[in-house]
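# below are the sequence and a predicted model; questions follow.
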Amino acid sequence: MAEREFIAVIPARYASTRLPGKPLAQIAGQPMVAHVWQRACESRATRVVVATDDVRIEKALAELGAEVLMTRVDHPTGTDRLAEVADRLGLADDAVLVNVQGDEPLIPATLIDQVADRLFDDPEASIATLAESISDVETLFNPNAVKVVRALSGRALYFSRAPIPWDRDAFAARPELLETDAWLRHIGLYAYRAGFLAEYSDWTPTPLELLEQLEQLRALHHGHVIQVALAREPHPAGVDTVEDLARVRALLETADDGGDA
């Protein structure tokens, strides 16, 4: 691939514990995954591929002219599905793929470009991802909000569901947080090198990964570098629940009606 060229891949699995059939949920007249595909097409990606294991998703996207790749049904994570895509497409080890979650219909194309550029900027990194500042106690102590600590170079030191770093003196009282960059929330947008994905698919889950239920810890466990950039613009929340779906529907339907999204 030419310099700074990358492929955007959208893993889209039909099964979902909290919201079955989520990729095909209708939003402003289109399936949710179609909105994600359109956002990815607005990025610098030279190719956008939807990777799914369900013919209903394949049919819905093929009607829009999207490139769809049918993948195995037994992948435990989206990263494993991405590894199959890289292998099936015959990509060189240095090829870059950006994993765009199929439940993020509001994802800004600029963030897709940014995470790819972050990987290109560090030749030793296998992965790049994004983060944003945390400014409230509720988010910091919420186990569903993943925290990340990084070095001065931007490389990740650790990811956790716990509130890290721990303020030894202040947290006993849980005061209001001051505005600071000390606490960062991880954003689940990743860029990978294809060669790393080939290695990843051969590894078994590691103890830290199993404890935290965070697959990026598998890469750190094996000594791979993860670059973390501060997102250039706000990252809208994705769709995990019925309430999330209603919120996104309201935003996009208002936009289609000519209002402010």
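Looks like it arrived, so ask away. Numbers count the residues shown, from 1 in each chain.
# Arg72: how many residues sit nearby?
Using other Cβ atoms under 10 Å, Arg72 has 10 other residues around it. Every C-beta, even on glycine, is put in place using the N, C-alpha and C of the backbone.
# just to be sure, it is in a helix?
No: under DSSP: H, G, I helix; E, B strand; the rest coil, Arg72 sits outside any helix and is assigned coil.
# and it, how close does it get to Ser43?
26 Å (Cβ to Cβ, to the nearest Å).
# do the same with Asp202
30 Å.
# between these two, who's got more neighbours?
Per other Cβ under 10 Å, whichever of Asp202 and Ser43 has more neighbours is Ser43, with 22 against 7.
# could you check how far the more buried one is from Ser16?
25 Å.
# do the same with Asn142
Shown here: Asn142 relative to Ser16, a distance of 21 Å by Cβ to Cβ.
# same thing with Ala92?
Applying Cβ to Cβ to Ala92 and Ser16 gives a distance of 33 Å.
# more neighbours: which of those two?
Ser16 (14 against 10).
# so that one lies in a strand, does it not?
No: assigned with three-state DSSP, Ser16 falls outside any strand and is coil.
# that one touches Leu24, doesn't it?
No: counting by Cβ atoms under 8 Å, Ser16 stays clear of Leu24, with 10.6 Å between them.
# what bridges to Leu230?
Ala131 (DSSP bridges).
# please, where are all the helices along the stretch 1-150 of the chain?
For the stretch 1-150 of the chain, the helices defined by DSSP state H, counting those that start in this stretch occupy 32-41, 55-62, 78-88, 109-121, 137-140.
# packing partners for the second one?
It refers to helix 55-62. strand 30-31, helix 32-41, strand 47-52, strand 67-70 (3 or more Cβ pairs under 8 Å, 6 or more residues apart in numbering; DSSP states H and E).
# do you have the strands of the stretch 151-261 of the chain handy? List them.
156-160, 184-193, 225-230 (DSSP state E, counting those that start in this stretch).
# buried ones in stretch 183-193?
By neighbour count on 16 or more other Cβ atoms under 10 Å, the buried set for stretch 183-193 is Trp183, Leu184, Arg185, His186, Ile187, Leu189, Tyr190, Ala191, Tyr192, Arg193.
# any idea how far the third one is from Val228?
What that stands for is Arg185. Distance from Arg185 to Val228, by Cβ to Cβ: 11 Å.
# and what of Glu124?
Taking Cβ to Cβ, one finds Glu124 at 14 Å from Val228.
# show me the contacts for Ala131.
Val148, Arg150, Leu184, Arg185, His186, Ile187, Val228, Ala229, Leu230, Ala231 (Cβ atoms under 8 Å, 6 or more residues apart in numbering).
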